[in-house]
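J.: below is the structure, and that's it, no one-letter string:
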């Protein structure tokens, strides 16, 4: 079957960017085609944001060329977006559709009988310009943006980001460039963007650490590593499999190269007799292979959390706890006793009280009513969302060591330098000012500073923001191996599914709900609750004289099957996660490269089993509901 290749709309050729001695882009080339949904991945500092700025036209490269299709409309949301703080929300969003506004103004000034009048009318219609205000309202509602009349100067950072995202989307660009579009958005907003991009007719390239977003939206993953692009067809899961295969091939090639050099080195050392003229080509070949540069292997953060002190029988218990702030009830009548080893994810829309709940657990905020009982051995460690613990004028080593050469890591002492290397800070970066670090480096530094403090009850508020994908995976592994309790606020669904075995959901209108299992299981239960609520609503009965069909009932065997269905689904999903974790492991290619095909087959079979179980569950529940 012939593969359809869509036209190229942008080509970046031989791009080079250097920051001092650091090479960001090393003669890197990439072509972007129509309908591409490119997920750009790579470590923090690899140059992803730099590349997006170059192709958007707001930053030059040191050398190379970017060629775009004529009249290509580009929309760009950068991490360091800027808004006009002298105007309101509405004006800022409309500024993203300046091309449409210019065309509409030209249309108004063009005489009715002019040949351009109809052309402009058609062009504006193609850009959906006549529905501009309607689309503004839809975007603002969908992304929970602040009111139109609010002045931008009065907005919070999260609110400004929502406005900037609306501005990037309003023009319906041919090429949409998004740098971390899901940051500071709640799950509902993220899912709306996913739906939007799934139906989007243009081309999109985006950087995100949201692996569900990558899996659902991307049809191509491009990795930026050591200044070079590596393109993989498919979504994020396909990329992990392809990358492991690529790394395995590289390892084999490097082993062959080293074996060749060892053999040839023995020959070279035999002395002058071996170096006759007829062997000159062999000698030249040796030096050529010897001088080949091998790309530096990317290292992973060694994020080891200090071993927790043993928790007591009582850890933390909430009894009828509720909180009212500013006359608004955030949640009420919440009861829960934390068992040892529990890793709970806290989810909900922005403003529902997730951070407030953490501060209630810490004792920083007293509940309006209810009681909290603390265990004698419970020792909290809080990773603050605001990241205000860092001083931009400190060096990295001062931020961690605080004037000391050693840090207390659990019951041990290790040098500050050794500790920082575990978080991928090189000797050069260790002496860098905090204010000059990237967002990802600051996030790693904050985690390094707080996690060294120990504690047996970790409270993490949005720990995944600004972390790159490899660091996220290591953080997940560290939390999975942690001996104490963990409560984490996050919108990262992939992270919640990998780490959490319980979910506390703040569902708005004062409602709070606890669910065993991971995030996906909570969503399934929520949908079931909503279905049951609808079914319980009174219906107007109409008199029906027709003979009623015989109601299908569950057999005894089907009833028993339904009773164990949830447990079977959780076990099947755990099997999928186990195999995906193998593909995600940093040392996959070293340990499992020869098993890639078999593991890929097992993963597909496990996913099919989960799908089949869910379908069977729905079938049995439907029969049960007919009774």
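T.: Looks like it arrived, so ask away. Nothing here was measured: the structure is a model prediction, and the numbers come from that model. Numbers count the residues shown, from 1 in each chain.
J.: hmm, which helix or strand of the chain has the shakiest average pLDDT?
T.: In the chain, the helix or strand scored least confidently by mean pLDDT, DSSP states H and E is helix 280-290, which has a mean of 60.
J.: now do the buried residues in the helix or strand just after that one.
T.: Going down the chain from helix 280-290, the next helix or strand is strand 316-325, by DSSP states H and E. For strand 316-325, a neighbour-count test (16 or more other C-beta atoms under 10 Å) marks 316, 318, 321, 322, 323 as buried. (C-beta placed from N, C-alpha, C; glycine too.)
J.: same thing with stretch 330-346?
T.: Buried residues in stretch 330-346 (16+ other C-beta under 10 Å): 330, 331, 332, 334, 336, 338, 340, 342, 343, 344, 345, 346.
J.: verify the stated contact: the last one with residue 506.
T.: Yes. In this structure, residue 346 is within contact of residue 506 by C-beta atoms under 8 Å, at 7.2 Å.
J.: quick check: neighbours shared by the two?
T.: In the contact map built from C-beta atoms under 8 Å, 6 or more residues apart in numbering, the residues linked to both residue 346 and residue 506 are 354, 357.
J.: got the contact list for the host helix or strand of residue 446?
T.: Secondary structure from DSSP H and E places residue 446 in helix 439-451. Here helix 439-451 makes contact (C-beta under 8 Å, 6+ apart) with 43-45, 79, 301, 303, 305-306, 381-384, 387, 389-390, 396, 399-400, 419-420, 422-425, 429, 434, 437, 463, 465-468, 471, 475.
J.: average pLDDT across stretch 68-85?
T.: The pLDDT scores in stretch 68-85 average 87.
J.: starting at the chain centroid, how far to stretch 68-88?
T.: 22 Å (C-alpha atoms, centre = their mean, to the nearest Å).
J.: span of it from start to end?
T.: End-to-end distance of stretch 68-88: 33 Å, with C-alpha to C-alpha, to the nearest Å as the criterion.
J.: list the buried residues of that stretch.
T.: In stretch 68-88, counting by 16+ other C-beta under 10 Å, buried: 68, 74, 75, 76, 77, 78, 79, 83, 88.
J.: now the phi/psi pair for the first one, please.
T.: Main-chain torsions, residue 68, degrees, to the nearest 10: phi -120, psi 150.
J.: report the beta-bridge partner residues of it.
T.: residue 10 (DSSP bridges).
J.: isn't residue 55 right up against residue 65?
T.: No. Here residue 55 does not reach residue 65: they are 11.2 Å apart, not a contact under C-beta under 8 Å.
J.: so between those two, which is more surrounded?
T.: residue 55 (22 against 11; other C-beta atoms under 10 Å).
J.: and that one, what element?
T.: Per DSSP H and E: helix 48-56 holds residue 55.
J.: for stretch 23-31, buried residues please.
T.: 23, 24, 25, 28, 30.
J.: so in that sheet, which strands flank the helix or strand hosting the first one, and in what orientation?
T.: Taking DSSP H and E as the definition, one finds residue 23 inside strand 22-33. Sheet pairing of strand 22-33 (DSSP bridges) gives strand 8-19 (antiparallel).
J.: contacts for the strand it pairs with next, please.
T.: So strand 8-19 is contacted by 23-34, 47, 50-51, 54-55, 61-69, 72, 174-175, 203 (C-beta under 8 Å, 6+ apart).
J.: distance from that strand to the middle of the chain?
T.: Taking C-alpha atoms, centre = their mean, one finds the center of strand 8-19 at 25 Å from the center of the full chain.
J.: what's the answer for stretch 162-179, then?
T.: On C-alpha atoms, centre = their mean, the centre of stretch 162-179 falls 19 Å from the chain's centre.
J.: what average pLDDT does that stretch get?
T.: Mean predicted lDDT for stretch 162-179 stands at 90.
J.: about what we covered before: may I see the buried residues of the helix holding residue 55?
T.: 48, 49, 50, 51, 52, 53, 54, 55, 56.
J.: give the contact list for the fourth one.
T.: Read that as residue 51. Residues in contact with residue 51, defined by C-beta under 8 Å, 6+ apart, are 12, 15, 25, 28, 40, 224.
J.: and if we set it to 7 Å?
T.: 25, 224 (C-beta atoms under 7 Å, 6 or more residues apart in numbering).
J.: and it, how far from residue 153?
T.: 31 Å (C-beta to C-beta, to the nearest Å).
J.: ends of stretch 454-467, what's the gap?
T.: First-to-last distance for stretch 454-467 - C-alpha to C-alpha - comes to 21 Å.
J.: skipping its backbone neighbours, what lies nearest residue 391 in space?
T.: Excluding the flanking residues, the one nearest residue 391 by C-beta to C-beta, 6 or more residues apart in numbering is residue 434, at 6.3 Å.
J.: circling back to that earlier point, quick check: what element follows the helix holding residue 446 along the chain?
T.: Criterion used, DSSP H and E; the element after helix 439-451 is strand 457-461.
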